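Q: Return a 3D structure for these sequence lines:
(chains A and B)
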2 protein chains.
Amino acid sequence: MKKHNFSAGPSILPQEVLLKASEAVIDYNNSGLSLIEISHRSKDFVDIMENARTLVLELLGLEGKGYKALFLQGGASTQFLMVAMNLLEKRAGYLNTGAWSQKAINEAKILDDIYEVASSKDANFNYIPKGFDIPSDYDYFHLTSNNTIFGTQMKAFPKCDIPVVCDMSSDIFSRQLDFTQFDLIYAGAQKNMGPAGTTLVVIKEDILGKVSRNIPSIMDYKKHIGAGSMFNTPPVFPVYTSMLTLEWLKGLGGIAGIEKENEKKARLMYSEIDLNPLFKGFSAKEDRSNMNATFNLVNENLKETFDTMLKEAGISGVNGHRSVGGYRASMYNALPLDSVKALVEVMSELESKA
Amino acid sequence: MKKHNFSAGPSILPQEVLLKASEAVIDYNNSGLSLIEISHRSKDFVDIMENARTLVLELLGLEGKGYKALFLQGGASTQFLMVAMNLLEKRAGYLNTGAWSQKAINEAKILDDIYEVASSKDANFNYIPKGFDIPSDYDYFHLTSNNTIFGTQMKAFPKCDIPVVCDMSSDIFSRQLDFTQFDLIYAGAQKNMGPAGTTLVVIKEDILGKVSRNIPSIMDYKKHIGAGSMFNTPPVFPVYTSMLTLEWLKGLGGIAGIEKENEKKARLMYSEIDLNPLFKGFSAKEDRSNMNATFNLVNENLKETFDTMLKEAGISGVNGHRSVGGYRASMYNALPLDSVKALVEVMSELESKA
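A: As a prediction, the model looks like this:
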């Protein structure tokens, strides 16, 4: 039986993507060779890489606007360093909205001066700080659009005169935004885009080349752009599976199409959290994430019963992160509304039992 | 029809590995979930990672000798930088045996002083330099055991009082060596170990912690070791497929078993190159690689005929690298002897025709 997969990441992928990816591991396109044993310089793979890069810009509405898409390795954690290597000359501003923002700050600090423009650490990051100033003489401003662990999401982005860098790992391709307000977007694939093992970077080219540092080749966005995202052997399978997922998304009507589904899922989920007296939500209502709903049992004694019921209903991956506790339902693009319905049903069943 | 796959990398993998990897993409271990949509912190994946790390040390004969195995991202190209970040304090010695050695030198130079102990650039890297000195006050000595592009391979390694770092990307797990003579071995997976997207690093722990540099977290071997090779989300599919390949190798009798096969393949290949008057080998005989045989047609006019015959025989991936020209037959662990027989047959058929 296929489970209801609420994993926070790596996370659920569309079934048709899994089937095609699985086939390609045996034989790609009737070539007599597996996708994972052909040269990355072969026409077959070069086409995959180019298609994936084009789909990214197309889906984000960034074609012809001076942006390039790269599929790199090393996760968002590598981008924490690469962003600073390529853009940090004197000082940058960071918004601290949780564990991942904090890691981005710590890594950039090794190179130069970082200023925390605001933080929600005072309330265990259960809200998004607002009304802060971003000095206009900084090199860039860095933010995290969605905080997987805490279940918060930025609904509006501050106007800003300096380049804006956004870690969009856990909500990219999930909602319509004016993506031109960002100069650099990065995202680990393993939530809305594909399997673990590749990281998407979308860069407005004109922000590069402005630091005096001698950037190591493997860390240099310009070198990766110049090599068409093939500066070294790319992670073939993760890139191919990401391309399939982007094609699936395009077939659903792109971001506009999926956004409607994501809103339905989030509305259903949060209305149960709010109406069911056995549960309380963790994050501030106005900052609630449509991707990750975090909630706790009011009475922890019900935990064992609830966990058993979840298991019996085939619901998987809803354990909360240790720094928040309780539960977390991750509702990424590929999660069907029916899975949220199944979860909500178990929650309301618990209420009738209790 | 399954082709004879002589690709230089990404390259051929065992058929049973491809079948298992393909199945896991649909459903891992009857869990009702795909391998690529489960948490990397789940017991299922933690077991895979631990099994892969243990198999590496076991196959290399390094268990209980102070070594740790890591599965990282970013390819050997990232290791060029990471090695220097973690080990280079004042000066290191590098042996330059080709394009990849040169890249390793260039990247490390950004951080500090690099001394080229010897080079075979004078003859387009068709041999391995010998008889050079390695100063005993350097931080480490770096070498490349096999040069994929040029088809050369180090048959003996210089005795050395300082830590030895070896890029073993294209011949790891292919021949028996005393692996304790190396203090750090790194290798991109995509030749003898698995698909592109993960990089194996094997480190003798006691060489770490000796530089004064403040190492960025994602570049710090100690942090990766401390986190059990899960400092951040690992590349799940490439690690799993590598584990399957290591299990396959163990089943064949480990490195001792595969070495015999590799020697048979190389002997057959080079004897055809030497006996067939239509071909000449590129690399010096005593330095010939058992992994990559490089050779040229004596008369380039036969190229079209030969290429057509290769295609008709289902032989794929034998084009030489642009810096050497001609042909390159990569004979990695998973390539069957029958594929070499098929290639040799076409070469000798060409001779009878010509």
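Q: Quick check, residue A:295 in contact with residue A:279.
A: Yes. Between residue A:295 and residue A:279 a contact is recorded at 5.1 Å, counting by Cβ atoms under 8 Å. From N, CA and C alone the C-beta is placed, and that goes for glycine too.
Q: Those two: who's more crowded?
A: residue A:295 (26 against 21; other Cβ atoms under 10 Å in any protein chain shown).
Q: Regarding that one, what is its secondary structure?
A: Using DSSP: H, G, I helix; E, B strand; the rest coil, the three-state assignment for residue A:295 comes out as strand.
Q: quick one, what contacts it?
A: By Cβ atoms under 8 Å, 6 or more residues apart in numbering or on different chains, residue A:295 lies in contact with A:273, A:279-282, A:326-329.
Q: Let's have the residues you listed in TSV, adding distance to chain B.
A: Shown next, in TSV, are the contacts of residue A:295 (distance: Cβ to the nearest Cβ, whole Å):
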residue	distance to chain B
A:273	22
A:279	23
A:280	25
A:281	23
A:282	20
A:326	17
A:327	15
A:328	11
A:329	14
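Q: Take those and keep only those in strands.
A: Using DSSP state E, the members of these that fall within strands are A:279-281, A:327-329.
Q: one step back: who wins for neighbours among the contacts of residue A:295?
A: Of the contacts of residue A:295, residue A:329 is surrounded by the most neighbours, 29 neighbours in total, counting by other Cβ under 10 Å.
Q: okay but that residue is in contact with residue A:269, surely?
A: Yes. Assessed by Cβ under 8 Å, residue A:329 is found in contact with residue A:269 at 5.9 Å.
Q: Between these two, which contacts overlap?
A: Common contacts of residue A:329 and residue A:269 (Cβ under 8 Å, 6+ apart): A:293, A:340, A:343.
Q: Regarding residue A:68, what is its secondary structure?
A: State at residue A:68, reduced to three classes by three-state DSSP: strand.
Q: in the stretch 251-354 of chain A, which spans are helices?
A: Using DSSP state H, counting those that start in this stretch, the helices assigned to the stretch 251-354 of chain A run over residues A:254-275, A:303-312, A:337-353.
Q: Present these as CSV; the columns should include mean pLDDT and distance to residue B:51.
A: As requested, the helices of the stretch 251-354 of chain A are exported to CSV (pLDDT from 0 to 100; distance: least, Cβ to Cβ, whole Å):
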stretch, mean pLDDT, distance to residue B:51
helix A:254-275, 98, 36
helix A:303-312, 98, 26
helix A:337-353, 97, 31
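Q: number of nearby residues for residue A:292?
A: A total of 30 residues lie near residue A:292 under the criterion other Cβ under 10 Å.
Q: hey, what's it bridged with?
A: Under DSSP bridges, the beta-bridge partners of residue A:292 are residue A:330.
Q: Verify the contact between it and residue A:329 for me.
A: Yes. Under the criterion of Cβ under 8 Å, residue A:292 lies in contact with residue A:329, with a separation of 7.3 Å.
Q: about what we covered before: let's have the shared contacts of residue A:329 and residue A:269 in JSON lines, adding distance to residue A:66.
A: Formatted as JSON lines, the shared contacts of residue A:329 and residue A:269 follow (distance: Cβ to Cβ, whole Å):
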{"residue": "A:293", "distance to residue A:66": "36"}
{"residue": "A:340", "distance to residue A:66": "38"}
{"residue": "A:343", "distance to residue A:66": "42"}
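Q: Out of these, who's the most crowded?
A: Going through the shared contacts of residue A:329 and residue A:269 with other Cβ under 10 Å as the criterion, the one with the most neighbours is residue A:293, at 27 neighbours.
Q: isn't that residue right up against residue A:324?
A: No. Applying Cβ under 8 Å, one finds residue A:293 not in contact with residue A:324, separated by 11.5 Å.
Q: what do the two both touch?
A: Taking Cβ under 8 Å, 6+ apart as the contact definition, residue A:293 and residue A:324 share the neighbouring residues residue A:151.
Q: And the pLDDT at residue A:1?
A: Per-residue confidence for residue A:1 comes out at a pLDDT of 66.
Q: and if you look at residue A:244?
A: Predicted confidence (pLDDT) for residue A:244: 98.
Q: Excluding chain neighbours, what is closest to it?
A: Leaving out its chain neighbours, the residue that sits closest to residue A:244 by Cβ to Cβ, 6 or more residues apart in numbering or on different chains is residue A:17, at 4.5 Å.
Q: For residue A:333, see how far away the one you found is.
A: Relative to residue A:333, residue A:17 is positioned 11 Å away (Cβ to Cβ, to the nearest Å).
Q: Equivalent analysis for residue A:226, please.
A: Computed with Cβ to Cβ, the distance linking residue A:226 and residue A:333 is 32 Å.
Q: Ok, residue A:116 next?
A: For residue A:116, the distance to residue A:333 equals 31 Å [Cβ to Cβ].
Q: out of these two, which sits in the more crowded spot?
A: Applying other Cβ under 10 Å to residue A:116 and residue A:333 shows that residue A:333 carries more neighbours, namely 27 against 15.
Q: from what I can see residue A:55 touches residue A:243, true?
A: Yes. Taking Cβ under 8 Å as the contact criterion, residue A:55 and residue A:243 are neighbours in contact, 6.7 Å apart.
Q: Enumerate the residues of the stretch 251-354 of chain A near chain B.
A: With Cβ under 8 Å from any Cβ of the partner chain as the criterion, the stretch 251-354 of chain A comes near chain B at residues A:314, A:316-317.
Q: again, only using 7 Å
A: Within the stretch 251-354 of chain A, the residues that sit near chain B (Cβ under 7 Å from any Cβ of the partner chain) are A:316-317.
Q: give me every residue that touches the residue in the stretch 51-200 of chain A that chain B sits nearest to.
A: Each residue of the stretch 51-200 of chain A has a distance to chain B, by Cβ to the nearest Cβ, and the smallest belongs to residue A:197, at 3.2 Å. Contacts were defined as Cβ atoms under 7 Å, 6 or more residues apart in numbering or on different chains; by that measure residue A:197 touches A:235, A:238, B:73, B:197, B:235-238.
Q: helix, strand or coil for it?
A: Bear in mind the rule, three-state DSSP; under it residue A:197 is coil.
Q: What parts of the stretch 101-250 of chain A come near chain B?
A: Residues of the stretch 101-250 of chain A lying near chain B (Cβ under 7 Å from any Cβ): A:107, A:110, A:188, A:190, A:195-197, A:214, A:216-218, A:232-238.
Q: now with 8 Å?
A: A:103, A:106-107, A:110-111, A:188, A:190, A:195-198, A:214, A:216-219, A:231-238, A:241.
Q: Can you say which of those residues are buried?
A: With burial judged by 16 or more other Cβ atoms under 10 Å in any protein chain shown, the buried subset of those is A:103, A:107, A:110-111, A:188, A:190, A:195-198, A:216-219, A:231-238, A:241.
Q: List the ones among these that fall in strands.
A: residue A:188.
Q: Can you give me the end-to-end span of stretch A:63-79?
A: 23 Å (Cα to Cα, to the nearest Å).
Q: Now that stretch: average pLDDT?
A: The pLDDT scores in stretch A:63-79 average 98.
Q: Work out the gap between that stretch and the centre of the chain.
A: Stretch A:63-79 has its C-alpha centroid displaced from the chain centroid by 13 Å (Cα atoms, centre = their mean, to the nearest Å).
Q: what's the spacing between residue A:106 and residue A:84?
A: Distance, residue A:106 to residue A:84, using Cβ to Cβ: 11 Å.
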